[in-house]
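Participant: Have a look at this prediction, sequence included:
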Amino acid sequence: MKLSELAEATFSTIENGPPELEISGGAGLDIAGPGEFSFLANPKYTPQVSSTRASAVFLGEGVAIERDDLAVLRCKDAHLAYARALRLFHPEQPAAAGVHPTAVIDGTAIVDETAEIGANVVIGTGCRVGAGVRILPNVTIYDGASVGEGSVIHSGVSIREKSVIGRRCIIHNNSTVGSDGFGYAKDEEKRWLKVPQTGRVVIEDDVEIGSNTSIDRPSVGETLIRKGVKLDNLVQIGHSCTIDEDALICSQTGLAGSSEIGKRVVLAGQVGIAGHLKVGDDAVITAKSATSHDIEPGKVISGIPGFDNRDWLRSTAAFRRLGDLARKVRELEKLIANRDKG
């Protein structure tokens, strides 16, 4: 691909370099070689620009470098342009239509003829699999579940009964959609009685779910993951939760039952959300934080229990000085005691 074609496809402008320069791929600044593109978005990596062997680099507005021999692709967001460029060189693999001879598909299931069904896949009664779906080996789809067109289900995934997977979704290895919610009632003898989990999980379009993630179905109603949501590996979504559009949830985060997560919310790694809480649109909860109360839209929250990030930063700075403060208090107590004696 020529540099001019790459610039057009990524909404960039060639600021330096020949338009006919051949580009063969992309890589990070530290490992890119001749013919490859890279990007600079984090100032931390600016020193790598002086030594990179890349032929071209995406730069955001106002970012300057001292390399006349390096082609510059000027854009609004260097990381976004880089992502678009990588997608050009690494397009998604289309489904290879057909059913592996070891797959077991119930006669009542409706599987589009363009779908790819891998080895040892099991598809239950009344299931529906849309056009262009890729179901990789050892996937199990329980009775009454459906997978929308263009979705990719990786090896080892279990899609439980009545679950609905939208279009163009990606579910990575060994995740479970629709497992039983954690619901029990204590009987007269103080023993736990399981509450039947009869609801379903609904996942809308363009959702990506990392590996070893679990999304529980409720006793009644739905657990709902709206379009564009991205879930990392090792995420737990409890029963009856709702995650609104384009939310981003990072690894080892856990949502207790009936949580409501707003649009474009970011939950960083190891965040805990207590049950029946609402996190407002565009809120951010930083890593290792937990909340037991509702979060207003747009807030940045840190700590356990979570509170305003700016206050948390001041508190942690003060915490680091507690030893010195305690020592000064003891010194002052001695001074006061000696003065009283005098």
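Facilitator: Right, received. Where do you want to start?
Participant: Can you tell me the number of residues neighbouring residue 88?
Facilitator: 15 (other C-beta atoms under 10 Å). All C-beta spots, glycine's among them, are computed from the backbone N, C-alpha and C.
Participant: what about it, which SS state?
Facilitator: Under DSSP: H, G, I helix; E, B strand; the rest coil, residue 88 falls in the helix class.
Participant: Who are the contact partners of it?
Facilitator: By C-beta atoms under 8 Å, 6 or more residues apart in numbering, the residues touching residue 88 are 1, 6, 9.
Participant: Distance-wise, check the residue nearest to the first one when sequence neighbours are not counted relative to residue 286.
Facilitator: Nearest residue to residue 1, sequence neighbours excluded (C-beta to C-beta, 6 or more residues apart in numbering): residue 23, at 5.1 Å. Shown here: residue 23 relative to residue 286, a distance of 37 Å by C-beta to C-beta, to the nearest Å.
Participant: if you count what's nearby, which of the two comes out ahead?
Facilitator: residue 23 (23 against 17).
Participant: what's across from residue 267 in the sheet?
Facilitator: Beta-bridge partners for residue 267, by DSSP bridges, are residue 249, residue 285.
Participant: residues near it, how many?
Facilitator: Per other C-beta under 10 Å, the neighbour tally for residue 267 reads 29.
Participant: what do you get for residue 270?
Facilitator: Using other C-beta under 10 Å, residue 270 has 15 neighbouring residues.
Participant: got it, and residue 68?
Facilitator: 8.
Participant: does it count as helix, strand or coil?
Facilitator: coil.
Participant: Contact partners for it?
Facilitator: Neighbours of residue 68 in contact, by C-beta under 8 Å, 6+ apart: residue 16.
Participant: and what of residue 53?
Facilitator: Residues in contact with residue 53 (C-beta under 8 Å, 6+ apart) are 32-34.
Participant: ok now do the closest residue in space to residue 146 that isn't next to it in sequence, which residues does it touch?
Facilitator: Nearest-residue entry for residue 146: residue 128, 4.1 Å, with adjacent residues in sequence omitted and distances by C-beta to C-beta, 6+ apart. By C-beta under 8 Å, 6+ apart, the contact list for residue 128 reads 109-111, 145-147.
Participant: Break down the protein into its helices, ranges please.
Facilitator: 3-9, 78-89, 309-320, 322-341 (DSSP state H).
Participant: and of those helices, who's closest to residue 103?
Facilitator: helix 78-89 (30.2 Å; C-beta to C-beta).
Participant: Report the mean confidence score over the closest one.
Facilitator: Averaged across helix 78-89, the pLDDT comes to 97.
Participant: in that helix, what's buried?
Facilitator: If you call a residue buried by 16 or more other C-beta atoms under 10 Å, then helix 78-89 has these buried ones: 78, 80-82, 84-85.
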